[in-house]
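Visitor: Model the structure of this input:
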Amino acid sequence: MGRVIAPLVTEESVTFRLPDAELALTGTRLLPALSLPDARLEFARAGKVWELDLPRPPALRMEYKLQLHHVDGEVEEICDPGNPLRAPGAFGDKSVVEFPGYVAPAWLDAEKVPGETVDVTDTIRLWAPADTEPTDPLPLLVAHDGPEYDRLAALTGFSAALIAAGRLPRHRVAMLQPVHRDEEYSANPEHSALLHDTVLPALRELVAVEGPVVGMGASLGGLAMLHAQRSHKGLFGGLFLQSASFLDKELDPQERGRFSMFAQVSAYTAEVLRGEAAVEPVPVALTCGTAEENLANNRQMARALAAQGYPAKLTETPDAHNYVSWRDAFDPALADLLRAVWVG
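Guide: Numbers count the residues shown, from 1 in each chain. Next up is the predicted model:
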């Protein structure tokens with residue numbers, strides 16, 4: 001493909017260039033991992049280089065891949081060979097553009113207390129400060145997709161850093177791994193019952209838990225946490241919901257044909273919006289990216305929960321639906337929620 005050319009990033013735009021010295025491509029398309037409904041994503045050929053000028057999206061970061069159309073008909077998706085910056089994700093790395101003004105969280109490089117993680121079962125991992133005994137009563141944070149949260153968003157690193165800084169009390173983090181994610185997390189009563197009847201009792205039997213348990217999740221994991229809290233009184237004393245999939249028939253028609261659980265999820269969203277089956281309001285912190293499709297449904301849900309008595313606050317972050325975005329929102333949104341629930 002020849003020499004590589006880095007993206008040209010400014011305050012207002014980004015210009016992508018892909019060399020094609022041997023004229024091996026018939027087209028190139030940008031695959032952005034955020035919502036750009038009106039943007040032109042097809043590159044134009046300029047001699048032996050494919051080029052695309054893109055106005056800056058409403059974000060400080062943009063994850064993406066390139067789709068290459070070869071002359072033999074093959075279609076290939078790659079990271080940008082001219083951009084060394086990579087972002088980890090559940091389905092592999094993507095290239096990433098960081099616009100002027102983006103700064104990673106300070107806690108990533110801060111001092112951290114040593115921690116230990118043990119496998120409780122095949123689907124539950126438990127982290128705690130290294131010098132903790134099982135009989136030490138500590139607050140508990142329970143995370144859907146927890147191992148992925150930890151690997152891609154440094155969840156326990158966040159806990160370790162804020163404990164070291166004295167900003168959060170010593171606590172444990174239970175990381176839950178789904179087996180059949182879409183089915184389990186799509187407002188499934190059986191999954192909520194499993195949390196109430198089996199998972200939380202098992203954790204309480206294993207270690208001493210102090211105060212209300214806080215549940216967290218992203219995307220469908222956030223939806224599932226809300227479902228569990230509303231279904232079982234006393235299960236969670238606070239919720240941290242990131243880009244939760246509160247899919248709505250009016251706001252999210254694009255999901256109808258591409259997500260098999262759309263009918264079940266949208267029916268539950270409608271139920272919550274009507275105020276049905278609320279068992280007890282608890283503090284809720286929501287975060288959502290300004291450049292993702294879930295923004296409108298998260299705004300709608302935040303208003304509905306507040307109207308039902310939940311102390312609910314939505315923080316909109318200049319990013320999209322990805323783990324780095326969720327990581328970057330931990331401080332202050334998650335930190336503030338945990339202090340409010342655990343310290344008061």
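Visitor: Now do the contacts for Val96.
Guide: By Cβ atoms under 8 Å, 6 or more residues apart in numbering, Val96 lies in contact with Arg61, Met62, Glu63, Tyr64, Asn83, Leu85, Arg86, Ala87, Val324. To be clear about C-beta, it is placed using only N, CA and C from the backbone, and glycine gets the same treatment.
Visitor: The fifth one: what's its closest spatial neighbour, skipping adjacent residues?
Guide: With Cβ to Cβ, 6 or more residues apart in numbering as the measure, Ser95 is the residue that lies nearest to Asn83, at 4.7 Å, once sequence neighbours are left out.
Visitor: Please, which helix or strand holds that neighbour?
Guide: Using DSSP states H and E, the element containing Ser95 is strand 94-98.
Visitor: and if you look at Met175?
Guide: In the assignment (DSSP H and E), Met175 maps to strand 172-176.
Visitor: I figured the residue nearest to Asn83 hits Leu85, correct?
Guide: Yes. Counting by Cβ atoms under 8 Å, Leu85 is a contact partner of Ser95 at 6.5 Å.
Visitor: ok, the two, which is more surrounded?
Guide: Counting neighbours by other Cβ atoms under 10 Å for Ser95 and for Leu85 shows that Ser95 has the greater number, 23 against 15.
Visitor: right, and the helix or strand after the strand holding Met175?
Guide: helix 181-185.
Visitor: in the helix or strand that comes right after that following helix, what counts as buried?
Guide: Downstream of helix 181-185, the first helix or strand assigned by DSSP H and E is helix 189-194. Neighbour counts over helix 189-194 (16 or more other Cβ atoms under 10 Å) mark His191, Ser192, Leu194 as buried.
Visitor: How about stretch 158-171?
Guide: Quick answer for stretch 158-171 (16+ other Cβ under 10 Å): Phe158, Ser159, Ala160, Ala161, Leu162, Ile163, Ala164, Leu168, His171.
Visitor: do the same with stretch 82-100
Guide: Along stretch 82-100, these residues count as buried under the neighbour rule (16+ other Cβ under 10 Å): Gly82, Asn83, Ala87, Pro88, Gly89, Lys94, Ser95, Val96, Val97, Phe99.
Visitor: tell me how far the ends of that stretch are from each other?
Guide: Length of stretch 82-100, first residue to last, Cα to Cα, to the nearest Å: 19 Å.
Visitor: May I ask you to name the longest strand in this structure?
Guide: The strand that spans the most residues within the chain, counting by DSSP state E, is strand 61-70.
Visitor: Which elements pack onto the next helix or strand after it?
Guide: Going down the chain from strand 61-70, the next helix or strand is strand 75-78, by DSSP H and E. Counting by 3 or more Cβ pairs under 8 Å, 6 or more residues apart in numbering; DSSP states H and E, the packing neighbours recorded for strand 75-78 are strand 61-70.
Visitor: Who does the strand it packs on pair with, and is each partner parallel or antiparallel?
Guide: Here strand 61-70 is paired, per DSSP bridges, with strand 25-32 (antiparallel), strand 75-78 (antiparallel), strand 94-98 (antiparallel).
Visitor: got the contact list for that strand?
Guide: The contact list for strand 61-70 (Cβ under 8 Å, 6+ apart) reads 14, 16, 18, 24-34, 75-80, 87, 89, 94-99, 102, 291, 318-320, 322, 324-325.
Visitor: ok, now stretch 153-168?
Guide: 107-108, 110-115, 117, 127, 129, 141, 143, 146, 149-150, 169-171, 173, 175, 323-324, 326-327, 330-331, 334-335, 338-339, 342.
Visitor: residues contacting Leu126?
Guide: Leu126 neighbours (Cβ under 8 Å, 6+ apart): Thr117, Val118, Val120, Arg172, Val173, Ala174, Met175, Leu203, Leu206, Val207.
Visitor: So what would you say the end-to-end distance of stretch 221-241 is?
Guide: One end of stretch 221-241 sits 8 Å from the other (Cα to Cα).
Visitor: buried ones in that stretch?
Guide: 221-232, 235-241.
Visitor: With stretch 292-310 instead?
Guide: 292-295, 297-302, 304-305, 308, 310.
Visitor: How about stretch 101-109?
Guide: Using 16+ other Cβ under 10 Å as the test for burial, stretch 101-109 gives Pro105, Trp107.
Visitor: Give me the average confidence score over it.
Guide: Averaged across stretch 101-109, the pLDDT comes to 98.
Visitor: Can you say which of the contacts of stretch 153-168 are buried?
Guide: Using 16+ other Cβ under 10 Å, the buried ones in those are 107, 112-113, 115, 127, 129, 141, 143, 146, 149-150, 171, 173, 175, 323-324, 326-327, 330-331, 334-335, 338, 342.
Visitor: Which residues are in contact with the residue lying closest to Val9 once chain neighbours are set aside?
Guide: Excluding its sequence neighbours, the residue lying closest to Val9 (Cβ to Cβ, 6+ apart) is Val97, at 5.7 Å. Residues near Val97 by Cβ under 8 Å, 6+ apart: Pro7, Val9, Val14, Arg61, Met62, Tyr64, Asn83, Leu85.
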